[in-house]
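[1] let's see this in three dimensions:
(one chain, ligands or ions: 1)
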Amino acid sequence: MSRLIALTRPVPSTIQDCELTHLDRNPIDLDRAREQHRQYEAALASLGCTIEHVAAADEMPDSVFIEDTAVVVDEVAVITRPGAESRRGETVDVANVLKRYREVRFIEPPATLDGGDVLRIGKRVFVGVTPRSNSDGVKQLRDALAPFGYSVEAVPVHDCLHLKSAVTQVGENTVLINRAWCDAFDEYERIDVHPDEPFAANALRIGDAIVYPTQFPRTAERLWSVRLVDAGELAKAEGGVTCCSVIFTAD
Ligand code: CIR
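    The predicted structure follows:
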């Protein structure tokens with residue numbers, strides 16, 4: 001029987017120096033951030049994931065946001081080339097771990113790609129073209145995944161960090177979306193975030209459960225099978241619930 005693996009990476013002591021694009025810098029309580037990260041891992045474990053840690057990287061302030069470093073499907077792992085130069089080194093250790101589970105491909109310059117811009121729904125892979133992920137990144141991801149029957153489509157997104165800041169999958173055919181940032185996905189059933197909660201579209205679906213931040217109670221009311229986690233400290237670093245793990249199946 002196949003297992004669900006969740007790769008995670010510890011909150012680095014330097015997280016205060018993280019990249020910020022749409023938020024002002026606010027003090028991050030390191031102990032609280034680490035406790036919240038532990039709770040997040042516990043939630044994933046309770047939903048059936050085996051947690052596998054990639055070694056901590058204190059010299060890389062955004063390394064906890066491991067989602068951005070890899071796109072993993074059943075057949076292959078694609079190691080990204082993050083759009084923020086400060087984040088490029090994060091991929092090395094992640095690639096070394098993923099090599100144990102998958103054939104590995106690499107996104108090469110001049111392409112950039114952040115995993116946060118990649119939303120896979122079945123065999124369709126949507127990629128937000130943002131300051132972090134360029135059209136070469138979309139093309140290289142397409143070249144890597146097309147042989148396995150995936151379609152890779154660019155999606156316009158604006159005013160937010162990543163595609164998955166604006167839209168995530170919450171049901172077989174259902175997405176949670178902030179249409180002010182991404183007005184697409186009309187072939188899916190769309191649940192809108194509550195107008196007072198623009199940052200609320202980032203949800204992590206595991207099986208039929210939805211791991212979801214406590215910070216967005218009004219949008220949470222529109223969802224089901226919600227497993228709430230307090231991710232307030234990591235949110236100050238512009239991270240959501242999808243970005244702290246890379247989840248895939250293994251034998
Ligand atoms: C960054 O700007 O790269 C980090 N401070 C936050 C990355 C969040 N990643 C994600 O949502 N996939």
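[2] going forward, measure contacts between C-alpha atoms and count neighbours the same way
    OK.
[3] tell me the contacts of the residue of the chain found nearest the ligand?
    Relative to the ligand, the nearest point of the chain is Gly116 (3.5 Å; CA to the nearest ligand atom). Shown in contact with Gly116 (CA atoms under 8 Å, 6 or more residues apart in numbering): 67-68, 162-165, 242-243.
[4] and the helices in the stretch 1-150 of the chain, which stretches?
    30-46, 91-98, 135-145 (DSSP state H, counting those that start in this stretch).
[5] so which of the ones you listed is the most surrounded?
    Comparing those on average neighbours per residue, with mean count of other CA atoms under 10 Å, the densest one is helix 135-145 at a mean of 20.
[6] averaged pLDDT, that one. What do you get?
    The average pLDDT within helix 135-145 is 98.
[7] got the contact list for that helix?
    Against helix 135-145 from outside (CA under 8 Å, 6+ apart): 76, 78, 105, 107-108, 110-113, 127, 129, 150-154.
[8] and the very next helix or strand once past it, what other elements does it pack with?
    Next along the chain after helix 135-145, taking DSSP states H and E as the criterion, comes strand 151-156. Applying 3 or more CA pairs under 8 Å, 6 or more residues apart in numbering; DSSP states H and E, one finds that strand 151-156 makes contact with strand 124-129, helix 135-145.
[9] show me how far the last one is from its chain's centre.
    Put plainly, it is helix 135-145. Relative to the centre of its chain, helix 135-145 is centred 18 Å away, using CA atoms, centre = their mean, to the nearest Å.
[10] what's the angle between it and strand 124-129?
    Between helix 135-145 and strand 124-129, the angle comes out at 160 degrees (axes from the mean of the first three to the mean of the last three CA atoms, to 10 degrees).
[11] run the angle between helix 135-145 and strand 151-156 for me.
    Using the same axes, to 10 degrees: helix 135-145 against strand 151-156 is 160 degrees.
[12] likewise the shortest one?
    Counting by the same axes, to 10 degrees, strand 124-129 lies at 30 degrees to strand 151-156.
[13] how about strand 124-129 and the ligand, touching?
    No - figure legend: strand 124-129 not in contact with the ligand (CA under 6 Å from any ligand atom); closest approach 11.6 Å.
[14] who touches that strand?
    Looking at what lies outside strand 124-129 - CA under 8 Å, 6+ apart - the contacts are 117-120, 135, 138, 150-157, 162-163.
[15] up against the ligand, what does this structure have?
    Counting by CA under 6 Å from any ligand atom, the chain sits next to the ligand at 18-20, 62, 65, 67-68, 116, 237-240, 243.
[16] many thanks, I have nothing further to ask.
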